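[1] Sequence and predicted model, in that order:
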Amino acid sequence: MPRLPQPDSEAADESPWVKSSTPNLYRYRPSGVYFARAKVGGKLIRQSLKTTKYSVAVLRLNDLLKQSRRLVDAQEVAVGGGMTFQQAADVFLQQIDANPAIKPTTRAYRRRCLKALLKAWPTLAATEAKKITSAQCREWSARFAADYSPTMYNNTVGTLRMILDVAIKAGVRSVNPAKEVSKIKVPLKKLILPTLEEFNQLIRVIAEGGGRFSRDCADLVAFLAYGGFRKSEAAAIQWSDCDFAKGTIFVAGADEQGTKNHETRRVQMNGEMVALLQRLRAGRPDEPSSTTVMKVQECQGSIDRACKLLGIKRFTHHGLRHFFATRCIESDIDIPTVSRWLGHKDGGALAMKVYGHLRDEHSTEMAKRVSFSAKAKS
């Protein structure tokens, strides 16, 4: 994070930081992004508010300060009373609520994990955090793993660890007993995707469905498949985001409609994408550049009906993102590049995990074409 200025900075005119008329609110001049800088309970808070809009920044600043003050109050009460697990959990929830970088869906999921944890371990909430043992954590994990999916189990273990870390930071205990609970390997889900022939048939069947938005739904299916977008990303893309000269589509970051990882990216247009966008623009030439490209935001019902008519396995909007990645890899696009187009932040690790076998299968098929025997030229 860029270094925030001190309030008594003498080089205000030269500083990249601009102090706003709202106390504790600064704007970083190079990017225009607003930051909070305030002391709450003797602790300095310096945090990006992830927006370039002043009105939004003021609202987020107020929310951040309220959450931070509640967090300080909760910590003081908890430590003074010995801190039960429930009190540590309350502090943990305050922390994630106060962090604007955490998406609402993530906060809701952590709450689901906590609810499942307390249901499976009824006495945990009232237990003092310092008295929770590794043996108790392991005993709970054995029961929990038998009733929940590997993903839910791993995330609940992670939630338990983070809550107990709150107790450690509060000085209630020195080690985390849940660290000895092992997570389990999550088996990769088998991708259910249409073949290229089935995909093209699917678009035709949806377009000819006879409904008011049948053609628009078919266009959305194609748009998702040609660009590898998430459904929420596709719904936010405007004509101004489509650069035909450079052949790229800009996918907005967290300050606009938001990608999953709060990052902006540019996706290269392939030939089918160019043809799709040119057709749509030719049919809607007078639309302002701020108009969204897609006229519908979801089409699962149309996909389901078309799959049933064609006798192919049902798949979802997100399946079209997998379809995009699969087609790219089968077209010899390297995985790091595909990963960047998908908006992954891990340099290709996730894409390798999900799609690596496709690359291996493709390489094996290509290797069959290699020969060192003498052949007569035709």
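    Great, that's in hand.

[2] Ala101 and Phe315, how far apart?
    The gap separating Ala101 from Phe315 is 31 Å, by C-beta to C-beta, to the nearest Å. All C-beta atoms are positioned from the backbone trio N, CA, C, and that covers glycine.

[3] These two - which one has more neighbours?
    Comparing Ala101 with Phe315 by other C-beta atoms under 10 Å, the one with more neighbours is Phe315, at 20 against 12.

[4] For the more buried one, which non-adjacent residue is spatially closest?
    Distance criterion C-beta to C-beta, 6 or more residues apart in numbering; nearest residue to Phe315, sequence neighbours excluded, is Ile192 at 5.2 Å.

[5] quick one: contacts for that neighbour?
    Shown in contact with Ile192 (C-beta atoms under 8 Å, 6 or more residues apart in numbering): Lys313, Arg314, Phe315, Gly319.

[6] what about the second one, which SS state?
    Yep, that's Arg314 we're talking about. Secondary structure, DSSP: H, G, I helix; E, B strand; the rest coil: Arg314 is coil.

[7] Begin at 562, not 1, for the rest of this chat.
    From this message on, residue numbering opens at 562, which makes the last subject Arg875.

[8] Who are the contact partners of the nearest residue to it once chain neighbours are set aside?
    Closest residue to Arg875 apart from its sequence neighbours, by C-beta to C-beta, 6+ apart: Cys868 at 4.8 Å. Applying C-beta under 8 Å, 6+ apart to Cys868 gives the contacts Leu763, Lys874, Arg875, Phe876.

[9] Buried subset of those as a PyMOL selection?
    Entered in PyMOL, the line below selects the buried ones among the contacts of Cys868, by 16 or more other C-beta atoms under 10 Å:
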select buried, resi 763+876
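
[10] Using TSV, please lay out the contacts of Cys868 together with distance to Gln858 and pLDDT.
    Shown next, in TSV, are those (distance: C-beta to C-beta, whole Å; pLDDT from 0 to 100):
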residue	distance to Gln858	pLDDT
Leu763	19	96
Lys874	24	92
Arg875	20	92
Phe876	18	90
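
[11] closest to Gly770 among the contacts of Cys868?
    Distance to Gly770, by C-beta to C-beta, is smallest for Leu763 among those, at 11.0 Å.

[12] what's next to the one helix or strand Met723 maps to, contact-wise?
    When elements are assigned from DSSP states H and E, Met723 belongs to helix 711-730. The contact list for helix 711-730 (C-beta under 8 Å, 6+ apart) reads 644, 646, 649-650, 652-653, 656, 670-671, 674-675, 677-678, 690-691, 693, 698, 702, 705-706, 709, 734-740, 742, 744-748.

[13] Many thanks, have a good one.
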